[in-house]
Every structure is written in structure tokens, then in C-alpha cells.
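**Q** Generate a structure from the sequence data that follows.
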Amino acid sequence: MIEVLAALSLSAAASMRIALPLLLIGLLYSDDLWANVPILSQIHPQVVLGVLVSWSLAELFLSKERLGQRVLQLVQVVGSPVVGAIVGITVARTAQMEAWMSWILGIVGGLLASVLQLVQIGWFYRLRGLPLWVVFVQDFLCVSLVLLAFDAPQQGGLIALLLLWLTIRSSAEWRRWYRAQAKDGDRNNPRKGKQEPD
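**A** Next comes the predicted model:
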């Protein structure tokens, strides 16, 4: 159960930033850099380190402006589920779990990262850009979730589950808000009569 909570914590971190969780795993918690990390273990560590440091810096700087946030979202909507799956498998390998459990943690991690990332994109378009304080909270949460995944997985997993709960609440609220835009007779078809996407 501890491994599942650690995987959820890392996957939630991967939904906010792609390279930073992998970089922290390699630098802080791996005796042999990225030896248990799928895909990265097949590439020379210096190349992986250079790419992850570069992309982490790009994420930190691009996320502070609206145009940069859009660019990052294009990459993160594809990359977050992949990294979420990678960190899930990494946790299973580190704990020396069976192969089928590695796949399950990988799938769960990828799905969690994907759902959290999609909700962040939804908030971006709903608010017409994320405020700067939200971006700083994302950075802080990303680093904290990685640290908690290894040092206090129960707390990290609970934070990840809380983020999932907020995601579900957000989607329900968006649905209610979207349907409320429709005219009284068209509650089941809020798009009726609209020309532009909203």
C-alpha cells in the first residue's frame, strides 16, 4: 500500500511538471542514476541529466507567462501520462514488486497524471491563463510531492488523492456552469444556437 501511495504522489507531481520529478528522483533518491527508471535507464546518464535540467528550466521559466503556459500544455498533455506511467513503474521496480504490479502502477500513474493535467488545461482556458500565484503553487507542490513520495508516502498519497477529489469537484462544477448557460428549454443541449466555442 505504501508503494501505491508513493506512485500516486509522483504521478501527481508529473501532472504539473514533466522533467522536474524525474530529475529529482535521479539526483536525490537513486544510488545509480535512473537505474530503475524505464526508458531513461537505457540512455547515458549525462545525456539524460542534460535534457532533464534543460527542460526543467524551460518549464520553470515558460510557465510564468501565458504564451509559455500554452506551449507547455501542448507538451504536457502528451508527456504527463507517459511520465506518470514511468514513475509508477519506477516505484514498483524500486520496491522489487512483481512485473504485473509494475504494469498496474504504471497504468494508474499515467491515468492520474492525465486526468490532473486535463483539469489544469480546463482551468487555464476557463480563467484565460493561470495566475502567477497558481504557477508558484504548482512548482511548490511538484517538488513537495516528489520529496514526500520517498520520505512520507502516506502524506504524499493523501495530497494526490485530495487533488483528484478537487479535480472531480471541478469537472462537476464546470458541467453545471456550462449547462446553466443554455436557455431554459435547451438544458440538455447547451451548444444549441452557438457559433463560437466557449
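**Q** helices or strands next to the helix or strand bottoming out on mean pLDDT in the chain in the packing?
**A** In the chain, no helix or strand scores lower on mean pLDDT, DSSP states H and E than helix 153-180, which sits at a mean of 85. In terms of contacts (3 or more CB pairs under 8 Å, 6 or more residues apart in numbering; DSSP states H and E), helix 153-180 is packed against helix 2-16, helix 99-127, helix 132-151. Any C-beta I mention is one placed from the backbone N, CA and C, and that applies to glycine too.
**Q** tell me the most buried of those?
**A** Mean neighbour count (mean count of other CB atoms under 10 Å) peaks for helix 2-16 among the helices and strands packed on helix 153-180, with a mean of 28.
**Q** Moving C-terminal from it, which element do we reach first?
**A** Next helix or strand after helix 2-16 toward the C-terminus (DSSP states H and E): helix 19-28.
**Q** any idea of the angle that following helix forms with helix 99-127?
**A** 140 degrees (axes from the mean of the first three to the mean of the last three CA atoms, to 10 degrees).
**Q** How about the secondary structure of Ala35?
**A** Secondary structure, DSSP: H, G, I helix; E, B strand; the rest coil: Ala35 is coil.
**Q** tally of neighbours for the closest residue to it other than its chain neighbours?
**A** The shortest distance from Ala35 to any non-neighbouring residue, by CB to CB, 6 or more residues apart in numbering, is to Ser41 (5.5 Å). Counted by other CB atoms under 10 Å, the residues lying close to Ser41 total 16.
**Q** Confirm for me that Ser41 is in contact with Leu22.
**A** No. Shown here, Ser41 and Leu22 do not form a contact pair, counting by CB atoms under 8 Å, at 11.5 Å.
**Q** Need the residues touching each of the two.
**A** Residues touching both Ser41 and Leu22 by CB atoms under 8 Å, 6 or more residues apart in numbering: Trp34.
**Q** Hmm, Ala113 is touching Ile18, no?
**A** No. Using CB under 8 Å, Ala113 is not in contact with Ile18, being 9.3 Å away.
**Q** Which neighbours do these two have in common?
**A** Joint contacts of Ala113 and Ile18 (CB under 8 Å, 6+ apart) are 80, 83.
**Q** residue ranges with poor pLDDT in the chain?
**A** Across the chain, residues meeting the criterion (pLDDT under 70) sit at 30-31, 33, 178-179, 181-198.
**Q** Whatever helix or strand Ser54 lives in - contacts with which helices or strands?
**A** In this assignment (DSSP H and E), Ser54 forms part of helix 45-62. With contacts defined as 3+ CB pairs under 8 Å, 6+ apart, helix 45-62 has these neighbours: helix 19-28, helix 66-94.
**Q** Name the residues that touch that helix?
**A** 17-20, 22-23, 26, 33-34, 40, 68-69, 71-72, 139.
**Q** quick revisit: make a markdown table from the helices and strands packed on helix 45-62 and add distance to Gln117 to it.
**A** Formatted as a markdown table, the helices and strands packed on helix 45-62 follow (distance: least, CB to CB, whole Å):
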| stretch | distance to Gln117 |
| --- | --- |
| helix 19-28 | 13 |
| helix 66-94 | 4 |
